[in-house]
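Asker: what's the 3D shape of this:
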Amino acid sequence: MEQPIQGAKLVAILSEKFNKDAVWTLTAANALAGATTGEREVIFASSQDRQLLLLDGLVRTSHAIGALHRRGGSTGAPDAEHGRDQQGADMATQRQVARDEALAVLEAQTAPRKPKCFSSVGNMEAFRFLGDLNVLEVDGNAVFEEELQLPDGTPTCIGFDMSGYANEDPATGPLLAHHKEQLELLGVRFGRAAFDIYDVHSLTNDSLLIQHGSKAFRGIFDGCIAPYGLSLTSSLSQCRIVYEHRMPGALYARKGQAILKLLAACAYGPCPVLLDLTDGMKHTVYTIRGLELIAWTELTPTQAYNLQARHLMSDSSRTARALTLEQIPEEEQAWMRPLHQLRPESRLREQLESVIPFLPPDERMPAALELIHAGAQAQQPAQPMQLPASIRAFYA
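Answerer: Numbering: from 1, shown residues only. All right, here's what the predicted structure looks like:
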């Protein structure tokens with residue numbers, strides 16, 4: 001009786017934490033009670049977020065088999081041999097129905113639409129997407145005012161006049177060079193064993209794709225600061241600071257696009273990222289910490305570049321070319337892990353882990369390959385995905 005009681009307590013805890021309704025709570029309790037001992041042990045040993053995913057998969061499979069029994073049924077009293085044959089046929093049908101039902105629900109919930117370009121996203125759409133992620137915008141000038149304080153003796157940084165340029169494209173190179181000069185003035189090192197600044201605005205074929213549920217967005221930013229010695233493409237996955245340039249007068253009309261670009265940089269990067277939305281004279285600096293999008297607005301060049309310099313010099317690991325999530329402070333890891341789920345590869349792994357374990361062993365690999373194929377088709381022209389060896393071994 002110990003496992004059923006433990007299961008009931010677990011469902012009650014998850015239901016309260018994740019605000020599940022009564023129908024889900026009762027269904028999950030029944031599904032867990034009917035699970036095998038091995039399935040329950042896996043669920044009990046997992047983190048709460050993973051437990052919720054596994055319970056959802058168990059509920060979907062339970063629904064599918066229940067639907068089969070409601071549709072089926074037999075009459076008469078079959079002999080023993082016929083009963084065994086019928087039982088085998090029923091089991092095969094149950095497996096197929098469970099598999100089809102789980103994959104159908106998963107596809108309906110997570111299949112992305114055609115990715116939308118960052119440049120076509122309005123402010124309201126971007127903030128609705130933030131709402132989907134449960135991320136709130138916070139006024140950094142009020143809540144984190146101390147981070148804008150300038151130490152005594154801080155050099156004065158200057159702005160950059162973009163009015164002589166037709167649009168942002170021809171101004172990007174000179175403005176990125178200006179960013180570098182101002183940061184060097186504040187003590188940031190560039191070159192070997194330090195940082196470099198990368199002009200990536202023309203890398204449209206290597207644009208970053210983020211996805212959540214049925215929403216998908218794709219695009220690139222103007223420039224970034226990353227460790228020295230990387231290729232342009234590699235710099236996209238090691239960003240420390242991202243720059244988004246706008247002509248004077250158009251700065252805040254593109255706020256939503258800048259936010260999505262920050263999300264993309266965080267999704268693919270190993271550590272927290274700052275984004276500077278600027279017209280050369282005015283600056284708004286964004287970053288994400290946990291479930292908060294922090295915005296420092298109407299900054300002077302000195303305030304903006306001082307924030308960036310402190311960020312770059314806050315930890316010696318910032319200059320590592322092959323920095324990984326596990327190498328940064330644990331608090332920052334907690335901020336970054338949910339953002340990494342915006343990468344399609346991470347979404348695919350989550351889908352595999354929430355559905356495949358509940359299928360019969362001989363059905364797992366075909367179902368996994370079907371999910372991978374569907375994901376690859378949805379992401380075109382993104383890089384083709386491959387099933388990692390560790391995942392193949394787990395589902396074998």
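
Asker: the strand or helix carrying S234: what's the following helix or strand?
Answerer: Here S234 sits within helix 232-235, counting by DSSP states H and E. Per DSSP H and E, the first helix or strand lying C-terminal to helix 232-235 is strand 241-245.

Asker: tell me what the next helix or strand along the chain from that following strand is packed against?
Answerer: Counting by DSSP H and E, the element after strand 241-245 in chain order, helix or strand, is helix 255-268. Here helix 255-268 touches helix 123-132, strand 208-212, strand 215-219, strand 241-245, strand 274-278, strand 283-289, helix 330-340, going by 3 or more C-beta pairs under 8 Å, 6 or more residues apart in numbering; DSSP states H and E. Quick note: C-beta positions are derived from backbone N, CA and C, even for glycine.

Asker: turn the ones you listed into TSV, including distance to P360 and mean pLDDT.
Answerer: Shown next, in TSV, are those (distance: least, C-beta to C-beta, whole Å; pLDDT from 0 to 100):
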stretch	distance to P360	mean pLDDT
helix 123-132	34	94
strand 208-212	29	93
strand 215-219	32	93
strand 241-245	46	97
strand 274-278	47	97
strand 283-289	41	98
helix 330-340	31	94
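
Asker: columns mean neighbour count and distance to Y305 on top of the ones you listed, output as TSV?
Answerer: Shown next, in TSV, are those (neighbours: other C-beta atoms under 10 Å; distance: least, C-beta to C-beta, whole Å):
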stretch	mean neighbour count	distance to Y305
helix 123-132	15	25
strand 208-212	24	25
strand 215-219	21	25
strand 241-245	26	10
strand 274-278	25	9
strand 283-289	22	8
helix 330-340	15	22
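
Asker: let's have those in a markdown table, adding distance to S314.
Answerer: Shown next, in a markdown table, are these (distance: least, C-beta to C-beta, whole Å):
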| stretch | distance to S314 |
| --- | --- |
| helix 123-132 | 25 |
| strand 208-212 | 24 |
| strand 215-219 | 28 |
| strand 241-245 | 12 |
| strand 274-278 | 11 |
| strand 283-289 | 12 |
| helix 330-340 | 10 |
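
Asker: mind checking those for the one nearest to T172?
Answerer: Counting by C-beta to C-beta, T172 lies closest to strand 241-245 out of those; the figure is 6.0 Å.

Asker: name the residues that touch the closest one?
Answerer: Contact partners of strand 241-245, identified using C-beta atoms under 8 Å, 6 or more residues apart in numbering, comprise 162, 168, 171-172, 175-176, 179, 221-225, 254, 257-258, 261-262, 265, 273-280, 308, 311-312.

Asker: of the helices and strands packed on helix 255-268, which is nearest F195?
Answerer: The nearest among the helices and strands packed on helix 255-268, by C-beta to C-beta, is strand 241-245 at 8.9 Å.

Asker: low-confidence ranges, the stretch 251-396 of the chain, go.
Answerer: 345-356, 371-396 (pLDDT under 70).

Asker: can you pull out the strands in the protein?
Answerer: 116-117, 136-139, 195-199, 208-212, 215-219, 223-227, 241-245, 274-278, 283-289, 292-299 (DSSP state E).

Asker: listing partners with orientation, what would you give for the first one?
Answerer: Spelled out, it's strand 116-117. Paired strands of strand 116-117, with direction, are strand 215-219 (parallel) (DSSP bridges).

Asker: next, the angle from the partner strand to helix 255-268.
Answerer: 90 degrees (axes from the mean of the first three to the mean of the last three C-alpha atoms, to 10 degrees).

Asker: so how far is strand 215-219 off the chain centroid?
Answerer: Chain-centre distance of strand 215-219: 12 Å, with C-alpha atoms, centre = their mean, to the nearest Å.

Asker: same deal with stretch 235-244?
Answerer: 16 Å.

Asker: repeat for stretch 182-192
Answerer: 31 Å.

Asker: how's the protein carved up into domains?
Answerer: 2-72+79-110, 116-340, 344-395 (automatic domain parsing).

Asker: with distance to R321 as extra columns, can I get the strands of the chain in JSON lines?
Answerer: Shown next, in JSON lines, are the strands of the chain (distance: least, C-beta to C-beta, whole Å):
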{"stretch": "strand 116-117", "distance to R321": "30"}
{"stretch": "strand 136-139", "distance to R321": "32"}
{"stretch": "strand 195-199", "distance to R321": "10"}
{"stretch": "strand 208-212", "distance to R321": "19"}
{"stretch": "strand 215-219", "distance to R321": "24"}
{"stretch": "strand 223-227", "distance to R321": "4"}
{"stretch": "strand 241-245", "distance to R321": "16"}
{"stretch": "strand 274-278", "distance to R321": "19"}
{"stretch": "strand 283-289", "distance to R321": "22"}
{"stretch": "strand 292-299", "distance to R321": "27"}
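
Asker: so what's the model's average confidence on stretch 24-43?
Answerer: For stretch 24-43, mean pLDDT is 82.

Asker: and the contacts of it?
Answerer: Outside stretch 24-43, the residues that reach it (C-beta under 8 Å, 6+ apart) are 3-4, 7-8, 10-12, 14-15, 20, 51, 54-55, 58-59, 61-63, 357-358.

Asker: show the end-to-end separation of that stretch, please.
Answerer: 17 Å (C-alpha to C-alpha, to the nearest Å).

Asker: now swap in stretch 125-144 and tell me
Answerer: 26 Å.

Asker: also stretch 188-196?
Answerer: Per C-alpha to C-alpha, stretch 188-196 runs 10 Å from first to last residue.

Asker: what residues of it count as buried?
Answerer: Neighbour-count burial for stretch 188-196, counted by 16 or more other C-beta atoms under 10 Å, picks out 188, 195-196.

Asker: what's the burial count for C157?
Answerer: Residues near C157, counting by other C-beta atoms under 10 Å, number 21.

Asker: again with K282
Answerer: 18.

Asker: dump the residue contacts of it.
Answerer: K282 makes contacts with 251, 298-299, as judged by C-beta under 8 Å, 6+ apart.

Asker: state the distance from it to G140.
Answerer: According to C-beta to C-beta, to the nearest Å, K282 and G140 sit 15 Å apart.

Asker: next one: L325
Answerer: L325 is 24 Å from G140, by C-beta to C-beta.

Asker: follow-up on the earlier one: the helices and strands packed on helix 255-268: which one's closest to S202?
Answerer: Evaluated with C-beta to C-beta, the helices and strands packed on helix 255-268 place strand 215-219 nearest to S202, the distance being 12.5 Å.
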